[in-house]
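Participant: please find the sequence and the predicted model below.
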Amino acid sequence: MDMSFLLGVLLAVAVVVILLKTARVVPQREQFVIERLGKYAKTLDAGFHILVPFVDVVAYKHTLKEQTVDVPSQSCITKDNISVEIDGVIYMQVSDARAASYGIQDYMFATAQLAQTTLRSEIGKIELDRTFEERETINSQVVHAVDRAAEPWGVKILRYEIKDIVPPASVKDALEKQMRAERERRAVVASSEGERQARINVSEGERQEAINLSEAEKLRQINEAEGRAEEIRLIAEATAAGVRAVGAAVSEPGGKDAINLRVAEQWVTEFGKLAKTNNTMIVPAQLGDVSTLVSTVMGTMGNIQKSD
């Protein structure tokens, strides 16, 4: 009884061990490389799998996710013989688990080393100034070279990024001075452009002001001319009306004598004003004209009285 119980326990333990040895669950985005008696047998994808007990062994496990590998900083010599420190990061992905297992000992280390050598080669082809301007070109060239070399390893190189480019201190100072001079030049250009635009705005304002003043003066002169024309017209109309009234008065009985009397009175009045405003005694050139005028005035007044 005790013996059979012990055998049952041993049998259960053996079954559990066999299940642990034979049953395998491969996680999502991973692959397992199976060796059978020391040789490659198959590659297991994600899911549940049963292996041959004590014969099949999981030799390698690979993730199919994108992986990043830091490329250590290294000294590179540019085309103009300037040493710069450059580091980066490379992004890769296992595309063939079997090749990644048997193609190379450590594909991540090998990829980083290959990226370093390729980067040194590419930096040596260009000058220092272009290393800052052509990062994208350098990155693409490194990716192309490393991806082609890593293809037998079952690795796909997705991209490479330069993290930092550190020139020597002397070169850095020179670059800073150059950038400072460029900023100052741009500031001067911007200031001059601002002043030029300000002068243009002022001149435009002055021109517009002059135009407005000219238009206002023109309108004023037009209005004054129209006012004078209207005044002349009204005076002309009044004069014409006065002349017509005088003409009508002349045609009336005694009208001509009244007009002569008015003219004589006006003459005497103006002559008297002239004599008052001047210290010099004014004597008519022909005294007979005065007596004639007086007699005319007196005769006219007599005619008017008779007519009344």
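Facilitator: Structure received.

Participant: strands of the chain, start to end?
Facilitator: 23-26, 30-36, 39-44, 47-50, 56-63, 67-77, 83-94, 155-166 (DSSP state E).

Participant: now do the first one: which elements does it pack against?
Facilitator: Contacting strand 23-26 under the criterion 3 or more Cβ pairs under 8 Å, 6 or more residues apart in numbering; DSSP states H and E are the following elements: strand 47-50. For glycine as for every other residue, the C-beta is placed from the backbone atoms N, C-alpha and C.

Participant: recalculate using a threshold of 10 Å.
Facilitator: The elements that strand 23-26 packs onto, with contact taken as 3 or more Cβ pairs under 10 Å, 6 or more residues apart in numbering; DSSP states H and E, are strand 30-36, strand 39-44, strand 47-50, strand 56-63.

Participant: TSV please, covering the strands of the chain and showing mean pLDDT and mean neighbour count.
Facilitator: Below are these laid out as TSV (pLDDT from 0 to 100; neighbours: other Cβ atoms under 10 Å):
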stretch	mean pLDDT	mean neighbour count
strand 23-26	88	14
strand 30-36	95	18
strand 39-44	95	15
strand 47-50	91	12
strand 56-63	93	16
strand 67-77	94	15
strand 83-94	95	18
strand 155-166	94	17
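
Participant: need these in TSV (columns: distance to A181).
Facilitator: Output for the strands of the chain, formatted as TSV (distance: least, Cβ to Cβ, whole Å):
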stretch	distance to A181
strand 23-26	62
strand 30-36	56
strand 39-44	61
strand 47-50	65
strand 56-63	51
strand 67-77	27
strand 83-94	22
strand 155-166	21
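
Participant: show me the domain layout of the protein.
Facilitator: 11-63, 67-167, 253-308 (automatic domain parsing).

Participant: turn these into CSV, columns for distance to E226.
Facilitator: Converted to CSV, the domains of the chain look like this (distance: least, Cβ to Cβ, whole Å):
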stretch, distance to E226
domain 11-63, 95
domain 67-167, 73
domain 253-308, 34
